[in-house]
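J.: Structure here, sequence nowhere to be found:
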């Protein structure tokens with residue numbers, strides 16, 4: 001019995017190092033955290049601070065001198081294209097039109113007489129009753145009289161144009177500012193702006209997109225030379241979402257060197273005048289037609305001289321390096337355009353302890 005007890009003890013002692021070695025081998029594997037590559041719909045392309053801008057702004061100014069006799073609008077109200085807004089005294093300009101008309105009629109009468117005389121001299125010249133010089137003199141007179149008629153017509157046109165300047169009409173639809181000059185004051189071309197009309201529907205929102213974001217959108221075909229497959233939405237200062245989305249109508253032609261950004265402008269319908277030129281809004285850019293894309297945590301992405309890469313862990317726990325091409329960063333995720341498949345597991349923590357071919361103990365990151 002003592003013999004068997006001793007033999008059992010020896011066997012236990014002999015097996016103990018083997019078990020300990022196996023346990024040590026398992027413990028030597030680096031512990032890492034992995035995340036599963038998943039797909040999600042591409043959506044928001046970024047958020048920016050934007051400023052509302054009018055599509056058109058027109059300063060109304062006097063073109064002639066005279067006393068301002070009428071103001072036919074409510075300050076701050078809406079006006080339509082063609083509305084009569086101001087009237088400047090007409091008397092002096094109506095008199096100029098009448099004078100120019102009379103001058104024209106006199107010049108036309110003189111031309112008529114000289115034309116008749118030219119015809120008479122032509123008849124006599126053909127009969128040989130007058131010298132060529134007499135006829136030439138009559139022809140010259142007709143030419144002078146014709147130029148006088150032309151000059152009189154031009155003067156009449158100028159007088160009518162100046163008379164037309166006594167009435168100032170709205171050139172666009174929009175809201176009109178307060179009047180800077182009151183009725184009864186003398187105005188002229190040096191009086192400055194009488195009032196300003198600002199168009200409000202549609203309206204622009206301008207914001208500045210990062211150079212990298214714009215390049216990514218161009219590479220994915222979301223922004224072209226003349227079109228943009230993007231949906232622009234707004235959040236107002238109150239925190240409420242604006243009721244309609246806009247479309248990109250302009251992309252800047254040069255990068256702002258101080259900020260590495262490019263101006264982008266979107267156009268919105270604004271029938272209720274909620275958007276007011278000059279106000280700030282939060283701009284969200286999203287794809288008009290979202291697509292499924294693969295995403296991984298940003299912490300999994302590594303970079304070396306050959307480009308971006310990640311470490312994958314296969315079903316046996318072995319590490320593999322995989323070069324990837326990346327799209328856009330959204331929150332804490334990075335879109336992957338090539339190099340990975342849905343369901344792959346990438347290392348997000350413990351990267352400093354691993355290399356290709358190493359076997360690891362992987363714990364999945366809860367997303």
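T.: Structure's in. What do you need? Small disclaimer: the values here were computed from a predicted structure and weren't measured.
J.: Now do the same contact list for the closest residue in space to residue 55 that isn't next to it in sequence.
T.: In space, and not counting its chain neighbours, residue 55 is closest to residue 199: 4.8 Å by C-beta to C-beta, 6 or more residues apart in numbering. Where C-beta positions appear, they are placed from N, C-alpha and C, glycine not excepted. Contacts for residue 199 (C-beta atoms under 8 Å, 6 or more residues apart in numbering) come out as 54, 55, 56, 57, 172, 173, 174.
J.: residue contacts, the closest residue to residue 274 other than its chain neighbours?
T.: Once flanking residues are discounted, residue 274 sits nearest to residue 242: 6.9 Å by C-beta to C-beta, 6+ apart. The contact partners of residue 242, by C-beta under 8 Å, 6+ apart, come to 233, 234, 235, 236, 268, 274, 275, 281.
J.: and the third one, how many neighbours?
T.: The tally of other residues near residue 235 (other C-beta atoms under 10 Å) stands at 15.
J.: quick one, phi psi at it?
T.: phi -120, psi 130 (degrees, to the nearest 10).
J.: Check the first one too.
T.: The phi and psi values for residue 233, taken as degrees, to the nearest 10, are phi -120, psi 160.
J.: separation between the residue nearest to residue 55 and residue 34?
T.: As judged by C-beta to C-beta, to the nearest Å, residue 199 and residue 34 stand 56 Å apart.
J.: next structured bit after the lengthiest helix in the chain?
T.: In the chain, with assignment by DSSP state H, the single longest helix is helix 91-127. Note on helix 91-127: by DSSP states H and E, the next helix or strand toward the C-terminus is helix 132-164.
J.: ok, residue 173 - contacts?
T.: Per C-beta under 8 Å, 6+ apart, neighbours of residue 173: 78, 79, 80, 81, 199, 201.
J.: run the last query once more with 6 Å
T.: By C-beta atoms under 6 Å, 6 or more residues apart in numbering, the contact set of residue 173 is 80, 81.
J.: from the contacts of residue 199, which would you call buried?
T.: 54, 55, 172, 173, 174 (16 or more other C-beta atoms under 10 Å).
J.: Next, give me the two most distant ones among those residues.
T.: 54 and 173 (11.4 Å; C-beta to C-beta).
J.: what's the closest of the buried ones among the contacts of residue 199 to residue 89?
T.: residue 172 (26.0 Å).
J.: Might one say that the closest one is in contact with residue 54?
T.: No: with contact defined as C-beta atoms under 6 Å, residue 172 does not count as touching residue 54 (9.7 Å).
J.: so what's residue 336 bridging to?
T.: Beta-bridge partners for residue 336, by DSSP bridges, are residue 294, residue 326.
J.: could you list every residue that touches it?
T.: 294, 296, 324.
J.: and the closest residue to residue 47 other than its chain neighbours, what element?
T.: Among residues not flanking residue 47 along the chain, residue 284 sits closest, at 5.2 Å (C-beta to C-beta, 6+ apart). Per DSSP H and E, residue 284 falls inside strand 280-287.
J.: Compute the distance from the centre of that strand to the centre of its chain.
T.: Chain-centre distance of strand 280-287: 12 Å, with C-alpha atoms, centre = their mean, to the nearest Å.
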